[in-house]
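Sharing a model that was predicted from the sequence below.
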Amino acid sequence: MTPEPQSVLTTNPPFAAAQLPAAVERRDRQQGQADPAQPALKSAGHIIVDSLAAHGVERTYVVPGESFLDVLDGLHRSSIETIVCRHEGGAAYMAEADGKMNQRPGVAMVTRGPGAANAHVGLHTAWQDSTPLLLFVGLIPFAHRDREAFQEFDIKSWFDTGAKRVMVLDHPERASEIVAEAMFAAMSGRPGPVVVGLPEDVIRQQVPARLHPPIPVAAGGMGGADAEALAAALAASSKPLFVTGGNDWTQDAADRLTAWLERHHIPAAAEWRTQGTVPFDSPSYVGPIGYGRPRPTYDLLEETDLLVFVGTVPGDVITDGFVCRQDWDKENFLVTVDPSLRGRSGPVSRQILAKPDAFVRGLEGITLPVKEEWKAWTGRMRAEQERFAALPPAAPASGKARMDTLMANLVPRLPEDAVVTFGAGEHTNWAHRYFPTRRYASMLSARNGSMGYSIPSAVAASLAEPRRRVVTIAGDGEFLMNGQELATAAQYGATPLVIVMDNQEYGTIRSHQERHYPERISGTQLKNPDFGLMARAFGGFGVTVTADRGIPAALDDALTAIDKDGVFALIHLVVEQRVKAY
């Protein structure tokens, strides 16, 4: 992958270390003598907080460090809620999930060296998932640089191949400007992560408290020539297919696209782990596309005669490792505001440089006569999706607990706007298959295959949308990577329903192992604790279910605990090995 151009705002500071006490002394002398014509003085750290609030940031996910104490002090009476997390990886995942759910970047704050290293996993997730994210990293004092100071590291060398920009605040008077630049960089073009370094001595400096205004983000649009080309391609097509993806949508755009597709009897698939943009029960929705699709992605992409990708591009997962849809005669329209088409493979008939909202506004101006071929094509694939997503019997079977039974009992109890989160592993396929995603951002996951995402993302989703039912499905191996963030859920009143599918193994790796090294199990087997007991220790509801007949009552008790007691609930489901969703 070729990274986007990097930028580092680093210049020589306007002060020397020896001048710092004098600067503080001058500030102290000036207190009480404010000139009404001049803006008040504030520390750069406090101005950073004020600037984040001015950009609409509602919460920040933090693991504290002495390197950015002044920013923490600025958060003390701020309108921004400070969510104190238990691991920097968890904090970064929460901020990444927050960025997926909102029209602005999620914000995480960590300290230098080890803290920054731990947060890197969330940064990689945001990079590959195209999620707007701001990661603030406290740094050693400017005067200590390049002397192997305690926890020193080179922030540019560490992050600039996996972030859109890496900036360092070396001029305190630029604090608000850098926040505005970072916000803009995270949201403009293809969204992604931005890293901002905060030297601990610089953020303490007092400067005029002027706030930089937000920088508008261009949305692009579908011009007349684009609309004509797309209309002509659709008119010539017998089997068109839209594919939605990315994290740059609004609910309004999703609703309007769905209405247009349904009116024209044109189908839409969802990029892997982004279900919900076109609702689960829309007659135009034909299922997820990518890993784990029961109808092979290869067959679907080769059969369609016109692909229109909106908010995403045909990358590795969609094309089965850059194999399918590679014929240069194929017709592909790519709708993305990223002019570089980063991650794209296969033919490009036309790029429409637009964010989804801008594209959909133009699309609504295209009205075409509905073809019978479109109806037949959409109806056939919709029927396949309906068969695939049909719930199994809800009546418990004899023997060990089954995820089929859990999903059959859970789904009918879900409200229309339920949210599901998960990380990586075979356990995620039950959500892909059965979970009714009916609105944008109702499925939050890590499309880079990162484990440990389930619990942090569920906490973030519950805090961002406290009135919605948030469900996370975690594997036993994945859960213990960030399960400690249940303490964060308890501290701040997040109330997700956590399903831990315990099959005592890293199931995805076991499947690959059996394919390539049959009957040679190595490095994939696990011995687990009682996760229900662990949940109770964290302050939530927890139950361990080993028999299928115990599932309905466990669900009743878990949902009651959430709704009546206001706590998170965890169901530890001990299942057979090698039982898969499909």
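Nice, thanks for sending it over.

The longest helix seen in the chain: which residues count as buried?
Counting by DSSP state H, the longest helix found in the chain is helix 372-389. For helix 372-389, the neighbour count (16 or more other Cβ atoms under 10 Å) marks 374, 377, 378, 381, 382, 385, 388, 389 as buried. In this view, the C-beta of every residue, glycine as well, is placed from N, C-alpha and C.

which residue packs closest to the second one, ignoring adjacent ones?
If the residues on either side of it in the chain are set aside, residue 377 comes closest to residue 239, at 4.7 Å by Cβ to Cβ, 6 or more residues apart in numbering.

thought the one you found was touching residue 375?
No. Using Cβ atoms under 8 Å, residue 239 is not in contact with residue 375, being 11.4 Å away.

Now the closest residue to residue 465 other than its chain neighbours: phi and psi?
Among residues not flanking residue 465 along the chain, residue 419 sits closest, at 6.7 Å (Cβ to Cβ, 6+ apart). Reported as degrees, to the nearest 10, the phi and psi values for residue 419 are phi -120, psi 140.

repeat for residue 574
phi -90, psi 110.

Pull the number of nearby residues for it.
Neighbours of residue 574 under the rule other Cβ atoms under 10 Å: 20.

Am I right that residue 521 is in a helix?
No. Counting by DSSP: H, G, I helix; E, B strand; the rest coil, residue 521 falls outside a helix, being coil.

what about it, distance to residue 504?
According to Cβ to Cβ, to the nearest Å, residue 521 stands 12 Å off from residue 504.

Can you pick out the residue with more neighbours from the two?
Using other Cβ under 10 Å, the more surrounded residue of residue 521 and residue 504 is residue 504, with 16 against 12.

From what I see, that one and residue 476 are in contact.
Yes. Using Cβ under 8 Å, residue 504 is in contact with residue 476, at 6.7 Å.

anything in contact with each of those two?
Listed contacts common to residue 504 and residue 476 are 526, 528; contacts here mean Cβ atoms under 8 Å, 6 or more residues apart in numbering.

now the strands for the stretch 301-450 of the chain?
For the stretch 301-450 of the chain, applying DSSP state E, counting those that start in this stretch gives strands covering 306-310, 332-335, 350-352, 419-422, 443-445.

Oh, that last question was meant for the stretch 451-582 of the chain, not what I typed.
Using DSSP E, counting those that start in this stretch, the strands of the stretch 451-582 of the chain run over residues 470-475, 497-502, 541-545, 569-574.

same question, the stretch 151-300 of the chain
Along the stretch 151-300 of the chain, counting by DSSP E, counting those that start in this stretch, strands occupy 165-168, 193-199, 206-208, 240-244, 268-271, 285-289.

between these, which gets nearest to residue 459?
Nearest to residue 459 among the strands of the stretch 151-300 of the chain is strand 193-199 (19.5 Å), distances taken as Cβ to Cβ.

Okay, buried residues for that closest one please.
193, 194, 195, 196, 197, 198, 199.

Return the residues in contact with the first one.
Which is residue 193. Residue 193 is in contact with 123, 126, 127, 131, 132, 133, 134, 135, 162, 163, 164, 186, counting by Cβ under 8 Å, 6+ apart.

Just give me the neighbour total for the nearest residue to the third one once chain neighbours are set aside.
Translated: residue 127. Counting by Cβ to Cβ, 6+ apart, residue 127 lies nearest to residue 162, which is 5.0 Å off, once chain neighbours are set aside. Using other Cβ under 10 Å, residue 162 is surrounded by 18 other residues.

same deal with residue 547?
Residues near residue 547, counting by other Cβ under 10 Å, number 14.

That one - nearest residue in space that isn't next to it in sequence?
Excluding its sequence neighbours, the residue lying closest to residue 547 (Cβ to Cβ, 6+ apart) is residue 401, at 6.2 Å.

Likewise for residue 246?
Closest residue in space to residue 246, ignoring its immediate chain neighbours: residue 311 at 3.5 Å, by Cβ to Cβ, 6+ apart.

How much space separates that neighbour from residue 223?
According to Cβ to Cβ, residue 311 and residue 223 sit 18 Å apart.

Who has more neighbours out of the two?
Legend: neighbour count by other Cβ under 10 Å for residue 311 and residue 223, higher for residue 311 (28 against 13).

Tell me who's in contact with the more buried one.
The contact partners of residue 311, by Cβ under 8 Å, 6+ apart, come to 244, 245, 246, 248, 249, 277, 335, 336, 355, 356.

measure it to residue 284 for me?
Distance from residue 311 to residue 284, counting by Cβ to Cβ: 16 Å.

do residue 256 as well
13 Å.

what about those two, which has more around it?
Neighbour tally, residue 256 and residue 284, criterion other Cβ under 10 Å: the higher count belongs to residue 284, 23 against 17.

Quick one, grab the pLDDT at the more buried one.
At residue 284, the pLDDT value in this model is 97.

Run a quick check on it versus residue 379, I expect a contact.
No. Look at residue 284 against residue 379 with Cβ under 8 Å: they stay out of range, at 10.3 Å.

between these two, what contacts are shared?
residue 265.

now the end-to-end length of stretch 389-407.
In stretch 389-407, first residue to last residue: 11 Å (Cα to Cα, to the nearest Å).

Tell me which residues of that stretch come out buried.
For stretch 389-407, by 16+ other Cβ under 10 Å, it's 389, 394, 396, 401, 402, 403, 404, 405, 406, 407.

Now do the contacts for the spatially closest residue to residue 449 that is not a sequence neighbour.
Nearest residue to residue 449, sequence neighbours excluded (Cβ to Cβ, 6+ apart): residue 424, at 4.5 Å. Applying Cβ under 8 Å, 6+ apart to residue 424 gives the contacts 445, 446, 449, 450, 451, 453, 478, 508.

For those, pick the one with the most neighbours.
Going by other Cβ under 10 Å, residue 453 tops these with 31 neighbours.

Was I right to think that residue contacts residue 459?
No. With contacts counted by Cβ under 8 Å, residue 453 stays clear of residue 459, the gap being 11.0 Å.

Give me the phi and psi angles of residue 132.
Phi and psi for residue 132, reported as degrees, to the nearest 10, are phi -70, psi 130.

Then the one 3 residues further on?
With angles defined as degrees, to the nearest 10, residue 135 sits at phi -110, psi 110.

Show me what it is bridged to.
In this structure, residue 135 bridges to residue 108, residue 195 when assessed by DSSP bridges.

quick one: the helices in the stretch 1-150 of the chain?
In the stretch 1-150 of the chain, the helices defined using DSSP state H, counting those that start in this stretch lie at 20-30, 44-54, 69-75, 88-101, 114-129.

Residue 552 is nearest to which of those helices?
helix 88-101 (29.8 Å).

Next, the angle strand 193-199 makes with the closest one.
130 degrees (axes from the mean of the first three to the mean of the last three Cα atoms, to 10 degrees).

What about residue 321, how many residues nearby?
Counted with other Cβ under 10 Å, residues neighbouring residue 321 total 8.

Skipping its backbone neighbours, what lies nearest residue 191 in space?
That would be residue 132: by Cβ to Cβ, 6+ apart, it lies 4.2 Å from residue 191.

Tell me the spacing between that neighbour and residue 158.
In this view, residue 132 and residue 158 are 20 Å apart by Cβ to Cβ.

who has more neighbours, these two?
The neighbour comparison of residue 132 against residue 158 (other Cβ under 10 Å) goes to residue 132, with 31 against 18.
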